[in-house]
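**Q** following is a predicted model, sequence given first.
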Amino acid sequence: MIEASPTAATRSVAVVIPTFNHAHFLGDALDSVMAQTRPADEIVVVDDGSTDDPAMVVGRYPKARLLRQENAGLAAARNYGLASISADYVVFLDADDLLCPAAISRNLTLFADNPDAGFVYGAYELVDADRHPLQGPWYMPIGGDPLATLLRCNAIGMHGTVLYSSGKLREAGGFDPALRSCEDYDVYLKMAKRFSIASDDSVIALYRTHENNMSADPVRMLKMALAVHARHRPSSAQRFYLEHWKAGCRDWRRFYADVAIGGRWGADRGSRYVPMLRMLRHAPRRMIQRTVMAALRKGRAGFSKNPRPQRP
């Protein structure tokens, strides 16, 4: 049965916000949803067994409803939220992140231009815990072959930039609750095998970095990214995709080695030496390469500051 695309007049959008001990950030997330130039039709907060009090926060927002579950992880919380909505499209916003005011409007326009897409996405910016700008915008286009792009890397980067077709996401099986991280990357790959994907460089969301981000542990994230990546290894008969997959194995190691060296995520950049040492086991070639490059740069800088001695 072919799913009928909703018309502009009937399209509805839900925002699902899973939260686990992030009640102190949740109000900002909900404020960003309430500030949308095109309002959300449904707002659902899923409490994943928090020990703080998200109910007190949600109570300030009459349009939002709160669901509760025993702690089962982010994927299970998203699935619970997905099962509870009737909207045509859905955004999953982490409780510590924020949507830009035109996020829903811009992604709906992108969907209107690409009605067969499984999902659409845009750019994001990094901010600190107090929402001060850090870096960005970050954006990578999906390209002409979304599966090839995603086998090579996670082009989307931030889940809050994505607007899904609810029906197509359900058709793809939703999020795998066995995965405690990188469950979004797994969904992107599953959907890229079934549907088209569209993107543009509109800034959709703000990714808040703080010491409790899951992505603050690059070694753990590399392990999970490679585990999900391995699930989607193409067969030897799919040589084109297999080459992209092999390149992705190399690129994931390079990426998280660079994160470990640069201390890109997490509040305590001075503690990056611990993940650097741990990363040496998982991406030795890249870690050695970067260490040698850094030593050479330091040596050249020191040489330039010490002019050659002059003849008497």
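**A** Cool, got the structure.
**Q** now stretch 68-77 - C-alpha only, PDB.
**A** Taking C-alpha atoms only, stretch 68-77 is exported to PDB below (Å, rounded to 0.1, in the frame of the first residue of the first chain):
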ATOM      1  CA  ARG A  68       6.900   7.900  31.800                       C
ATOM      2  CA  GLN A  69       8.700   4.600  31.400                       C
ATOM      3  CA  GLU A  70      11.200   2.600  33.500                       C
ATOM      4  CA  ASN A  71      14.800   3.500  32.400                       C
ATOM      5  CA  ALA A  72      15.300   1.700  29.100                       C
ATOM      6  CA  GLY A  73      17.500   4.100  27.100                       C
ATOM      7  CA  LEU A  74      17.100   6.700  24.500                       C
ATOM      8  CA  ALA A  75      16.100   4.400  21.700                       C
ATOM      9  CA  ALA A  76      13.200   2.900  23.700                       C
ATOM     10  CA  ALA A  77      12.100   6.400  24.800                       C
END
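**Q** so which bits of that stretch are buried?
**A** Neighbour-count burial for stretch 68-77 flags 69, 73, 74, 75, 76, 77 (criterion: 16 or more other C-beta atoms under 10 Å). Quick note: C-beta positions are derived from backbone N, CA and C, even for glycine.
**Q** how far away is the second one from residue 12?
**A** When you say that, I think you mean residue 73. Here the criterion is C-beta to C-beta, to the nearest Å. By it, residue 73 lies 27 Å from residue 12.
**Q** now swap in the third one and tell me
**A** Between residue 74 and residue 12 the computed distance is 24 Å (C-beta to C-beta).
**Q** show me what counts as buried in stretch 249-259.
**A** 249, 252, 253, 254, 255, 256, 257, 258, 259.
**Q** looking at those, spot the one nearest residue 35.
**A** The closest of those to residue 35 turns out to be residue 259 (C-beta to C-beta; 31.3 Å).
**Q** mind giving me the packing neighbours of the helix or strand the closest one falls within?
**A** Applying DSSP states H and E as the criterion places residue 259 in helix 239-262. Applying 3 or more C-beta pairs under 8 Å, 6 or more residues apart in numbering; DSSP states H and E, we find helix 239-262 packed against helix 146-152, helix 218-231, helix 273-282, helix 284-304.
**Q** CA atoms only: put stretch 175-193 into CSV for me.
**A** The C-alpha trace of stretch 175-193 is given here as CSV (Å, rounded to 0.1, in the frame of the first residue of the first chain):
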residue,chain,number,x,y,z
PHE,A,175,15.0,2.7,16.8
ASP,A,176,16.8,-0.4,18.1
PRO,A,177,16.5,-0.4,21.9
ALA,A,178,19.5,-2.7,22.1
LEU,A,179,21.6,0.2,21.1
ARG,A,180,22.5,2.6,23.9
SER,A,181,24.1,5.1,21.5
CYS,A,182,24.4,5.6,17.7
GLU,A,183,20.8,4.4,17.4
ASP,A,184,20.1,7.4,15.2
TYR,A,185,22.9,6.5,12.8
ASP,A,186,21.5,3.0,12.6
VAL,A,187,18.1,4.4,11.7
TYR,A,188,19.6,6.7,9.0
LEU,A,189,21.2,3.7,7.3
LYS,A,190,18.1,1.6,7.5
MET,A,191,16.0,4.4,6.0
ALA,A,192,18.6,5.2,3.3
LYS,A,193,18.1,1.6,2.0
